[in-house]
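Undergrad: my questions are about this predicted structure, shown below with the sequence.
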Amino acid sequence: MNRSRSFPVLTVLAAALLSSAALAASPGNDPAALARIRDTAMQSDYAWERMADMTDLIGPRLSGSAGAAAAVTQVAEAMRKLGAKVTLQPVKVPHWVRGVETGELVDYAGRPNGITQRVILTALGGSGATPAGGLTAPVVVVKSFDELKARGAEVKGKIVLFDVAFDQGMAEGGQAGPAYGQGSAYRRDGPRLAAELGAAAALVRSVGGANYRLPHTGNTGLLENARIPAAAVTAEDAMLMSRLAKRGALAMKLVLTPQNLPDADSYNVIADLPGTDKADEIVIVSGHLDSWDLSTGAHDDAAGVASAMAVLETLKKLDYRPRRTIRMIAWMNEENGMRGARGYLAAEQANAEKHIGAIESDNGAGRPFGLRASVPATSSKLFAPLQAALQPIGAGLFRREDALSTGDLSGLERAGVPSFAPLIDTSSYFDYHHTPADTLDKVDPDHLRRHVALMATTSWFLANIEQPIGRAAVPER
């Protein structure tokens, strides 16, 4: 009788002990806890090791490729090893493969007999193909969309070159993103506009700095029924062709044999660190898993994925349990389709209100100086404790924006989910972006540790913040 009466007492005592342990393991946004997360991340090379696994052992990871599939498996296994709840979210992705790609200047004013000049180029994503033996056509060089329109009658049957320089001065002045936006408009829209005018092919001056005769690839806006051959040429070759065109007629032989294959099966990798009392509320921390096929994609975006993975590793190491669920996502197909982001948004649209915030790192692994955030202006002051925690590593800046429009988070942001991204030194990022040179050796391990510290501390802060920060209010376009 006495023994049976003791069971309820023991149950209550056990629950109290468990509750106390949970509280001890979940210190909330106490400054000491934020500092401990920051310092633990700064002492770990977990992100570097995961990035090395992805870049050195797998290599390029273009959507639909064997490399992309291997990366899904690798990241999922690493997250399971940490004890995270792993979900592979199916997504159909474009499957574009690069073929032969050569360019040769075969005729121009003053050309000595027997002389031709090689042009270094690379096919752009979604490019159509030339005949197997290539095509030879005159080249029309334009410096703007307005010039293309003005010379539209000359374009039919020709190869159009958009010779628009990347503004490295803007990049060095802290405006690398806008500089890239200006240049990438020609890569995205130029081939499509040239196709509408009847061009045989389109070339775009590479969008990026550090002119070491490296071609920078990227996606195009070519339409399915008008996929003309499209390639990026190095800055040096674009300038050469512009100079030769000023001397007189210029002709080129172009061989591009890419293929647009049927969509392939792939996955977003989702790994949850479940919350305690607010487990149904979600904080995303993420990077994108795919890369272009020219390199191992260290900056773009193995560093982002590895940093997001390291957020969970840091908190597991500390045995810190967030109130809200922290969800690591390795997005698939950011580079040439955004199918992973769209698939996630479709699945979670009705649950958008439960997403408290979303972080993505997709601007390279340069030194971080703080955060960009699409939060209401009235909420900026709530982040003062986070800024104070990040100040010792020089990452205490906080820049509020109406909308970050950050890759995979754009749809969620339009649905009201506040977006966050590291505020990074990107002055040299576009030297390597989408080129064969985006390799592990270009990443500074100390900068990467700072990324993890910033993302881990921010993830924890959002997962435990008491006051509502409000919803993103993206302006209508």
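TA: Yep, it's here.

Undergrad: report the helix or strand with the lowest average pLDDT across the chain.
TA: For the chain, the helix or strand with the lowest mean confidence is helix 2-25, at a mean of 40 (criterion: mean pLDDT, DSSP states H and E).

Undergrad: after that helix comes which helix or strand?
TA: helix 31-42 (DSSP states H and E).

Undergrad: quick one: buried residues of that following helix?
TA: Going by neighbour count (16 or more other Cβ atoms under 10 Å), the buried part of helix 31-42 is 33-34, 36-42. The way it works is simple: take the backbone N, C-alpha and C, and place the C-beta from them, glycine included.

Undergrad: distance of the residue nearest to His433 when sequence neighbours are not counted from Glu476?
TA: In space, and not counting its chain neighbours, His433 is closest to Gly208: 5.4 Å by Cβ to Cβ, 6 or more residues apart in numbering. The gap separating Gly208 from Glu476 is 31 Å, by Cβ to Cβ, to the nearest Å.

Undergrad: ok, now Asn351?
TA: Distance of Asn351 to Glu476, computed by Cβ to Cβ: 24 Å.

Undergrad: where does Ala437 land in three-state SS?
TA: Using DSSP: H, G, I helix; E, B strand; the rest coil, the secondary structure recorded for Ala437 is coil.

Undergrad: surely it touches Gly297?
TA: No: contact criterion Cβ atoms under 8 Å: Ala437 and Gly297 do not qualify, at 11.1 Å.

Undergrad: higher neighbour count, these two?
TA: Comparing Ala437 with Gly297 by other Cβ atoms under 10 Å, the one with more neighbours is Gly297, at 34 against 19.

Undergrad: for the closest residue in space to Ala352 that isn't next to it in sequence, give me its contacts.
TA: Once flanking residues are discounted, Ala352 sits nearest to Ala415: 4.2 Å by Cβ to Cβ, 6+ apart. Contact partners of Ala415, counting by Cβ atoms under 8 Å, 6 or more residues apart in numbering, are 345, 349, 352.

Undergrad: how close does the residue sitting nearest the centre point of the chain sit to Arg118?
TA: Closest to where the C-alpha atoms of the chain average out (Cα atoms, centre = their mean) is Asp362, at 3.7 Å. Taking Cβ to Cβ as the measure, Asp362 falls 34 Å from Arg118.

Undergrad: please name the residues that touch Phe162.
TA: Applying Cβ under 8 Å, 6+ apart to Phe162 gives the contacts 142-143, 148, 186, 190, 202-205.

Undergrad: again, but for Arg188
TA: Here Arg188 is in contact with 218-221 (criterion: Cβ under 8 Å, 6+ apart).

Undergrad: and the gap between it and Gln391?
TA: 38 Å.

Undergrad: for the stretch 351-477 of the chain, which spans come out with low pLDDT?
TA: For the stretch 351-477 of the chain, applying pLDDT under 70 flags the ranges 477.

Undergrad: please, where are all the helices along it?
TA: Here the stretch 351-477 of the chain has its helices, by DSSP state H, counting those that start in this stretch, at 384-390, 410-414, 429-432, 445-464.

Undergrad: next, format those as CSV and append mean neighbour count.
TA: Shown next, in CSV, are the helices of the stretch 351-477 of the chain (neighbours: other Cβ atoms under 10 Å):
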stretch, mean neighbour count
helix 384-390, 19
helix 410-414, 20
helix 429-432, 24
helix 445-464, 25
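
Undergrad: list just the one of these that sits closest to Gly304.
TA: With Cβ to Cβ as the criterion, Gly304 lies closest to helix 445-464 of those, at 8.1 Å.

Undergrad: just the angle between the closest one and helix 31-42, please?
TA: Going by axes from the mean of the first three to the mean of the last three Cα atoms, to 10 degrees, helix 445-464 is angled at 140 degrees with respect to helix 31-42.

Undergrad: alpha carbons of stretch 90-101, as PDB, please.
TA: Taking C-alpha atoms only, stretch 90-101 is exported to PDB below (Å, rounded to 0.1, in the frame of the first residue of the first chain):
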ATOM      1  CA  PRO A  90      11.900  14.900 -53.100                       C
ATOM      2  CA  VAL A  91      12.200  17.500 -55.900                       C
ATOM      3  CA  LYS A  92      12.400  17.200 -59.700                       C
ATOM      4  CA  VAL A  93      15.400  19.200 -61.000                       C
ATOM      5  CA  PRO A  94      16.700  20.200 -64.500                       C
ATOM      6  CA  HIS A  95      19.300  18.000 -65.900                       C
ATOM      7  CA  TRP A  96      21.500  20.000 -68.200                       C
ATOM      8  CA  VAL A  97      24.900  18.600 -69.200                       C
ATOM      9  CA  ARG A  98      27.800  20.400 -70.800                       C
ATOM     10  CA  GLY A  99      29.300  19.000 -74.000                       C
ATOM     11  CA  VAL A 100      32.100  20.200 -76.300                       C
ATOM     12  CA  GLU A 101      32.700  24.000 -76.200                       C
END
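
Undergrad: list the buried residues of the strand or helix carrying Val141.
TA: Assigned by DSSP H and E, Val141 belongs to strand 135-142. Using 16+ other Cβ under 10 Å as the test for burial, strand 135-142 gives 135-137, 139-142.

Undergrad: can you list contacts of it?
TA: Residues outside strand 135-142 that contact it (Cβ under 8 Å, 6+ apart): 106, 148, 151, 154-155, 157-163, 199-201, 203, 229, 241-242, 245, 249-255.

Undergrad: mark which of those residues are buried, thanks.
TA: 148, 155, 158-163, 199-201, 203, 229, 241-242, 245, 250-255.

Undergrad: Leu448 touches Ala47, doesn't it?
TA: Yes: Leu448 is within contact range of Ala47, at 5.4 Å (criterion: Cβ under 8 Å).

Undergrad: common neighbours of these two, please.
TA: With Cβ under 8 Å, 6+ apart as the test, Leu448 and Ala47 both reach 303, 306-307.
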